[in-house]
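J.: This is a predicted model, with the sequence first.
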Amino acid sequence: MKSSGYAEFNRQADESVEKGLLTAESTAIPTTLLLLILVFRSAAAAPLPLAVAGVSVVGSPAIPVVVAQLTSVPVFATDLTTALLLGPGTAPATATAAAAMRGPPMPTSAHQKYGEPIGAPEPGSADPQRNRDLRSIPGTRRDPLQPDFSQVGGGLLMWSLGDSNS
């Protein structure tokens, strides 16, 4: 004898969703670990973000349980909570590793940028030949008192235009 109807449909749908989510989780965690090993270039450091996410995931089922006392909660609420915690749990560590791989920041002064000694005269000093050369370098200002709008985005420009009309 086979059962049918709305209750049986829901039971089968729940089973199907649970199997699919179990497959997704069993694929996502090893894939995330592999990506973290590639980013960190260390098998010792890579599991740490997953460990932090794991602690959150272990504690996260309490939230749907508490909410379930007040209202109905879908079957996949715990799995959705797991997925949401995996992303933020690993993102800060991945960003930190990427920043560390970029190395030290580039020099900011034109003297350091173009290989000149740090003690060289600054633009606007008594050496006119040096000033003319620095003016020809893209990204340097021609006059220290003249603002440089080359890096200003359209949003900031529109914001300032909007301010002047009010």
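T.: Received, thanks.
J.: And this protein, split by domain according to the record?
T.: 6-89, 110-140 (automatic domain parsing).
J.: Next one: G20 from I37, what distance?
T.: The gap separating G20 from I37 is 27 Å, by CB to CB, to the nearest Å. Yep, even glycine has a C-beta here, placed from its N, CA and C like the rest.
J.: circling back: least confident of the domains of the chain, on average?
T.: Of all these, mean pLDDT reaches its minimum on domain 110-140 (a mean of 52).
J.: What number of neighbouring residues does K19 come out with?
T.: Residues lying near K19 (other CB atoms under 10 Å) number 10.
J.: other SSEs contacting the lengthiest helix in the chain?
T.: For the chain, the longest helix by residue count, based on DSSP state H, is helix 6-40. Other elements packing on helix 6-40 under the criterion 3 or more CB pairs under 8 Å, 6 or more residues apart in numbering; DSSP states H and E are helix 47-59, helix 77-102.
J.: returning to that earlier point: would you mind telling me which of G20 and I37 has the busier surroundings?
T.: It is I37, of G20 and I37, that has more neighbours when counted by other CB under 10 Å, with 15 against 12.
J.: The more buried one reaches A44, doesn't it?
T.: No - under the criterion of CB atoms under 8 Å, I37 makes no contact with A44, lying 9.8 Å away.
J.: Using the three-state scheme, assign S72.
T.: coil (DSSP: H, G, I helix; E, B strand; the rest coil).
J.: just use 29 as the starting number from now, easier for me
T.: From this message on, residue numbering opens at 29, which makes the last subject S100.
J.: Roughly how far does it sit from P92?
T.: Relative to P92, and taking CB to CB, S100 is found at 11 Å.
J.: and if you look at V86?
T.: In terms of CB to CB, V86 sits 13 Å off from P92.
J.: more neighbours, the two?
T.: Counted by other CB under 10 Å, V86 and P92 do not tie: P92 has more neighbours, with 18 against 11.
J.: so where does that one fall, helix or strand?
T.: Using DSSP states H and E, the element containing P92 is helix 90-98.
J.: Spit out the contact partners of the closest residue in space to I65 that isn't next to it in sequence.
T.: Nearest non-adjacent residue to I65, counting by CB to CB, 6 or more residues apart in numbering: A74, 4.3 Å away. If you count contacts by CB atoms under 8 Å, 6 or more residues apart in numbering, A74 has them with L61, L64, I65, V67, F68.
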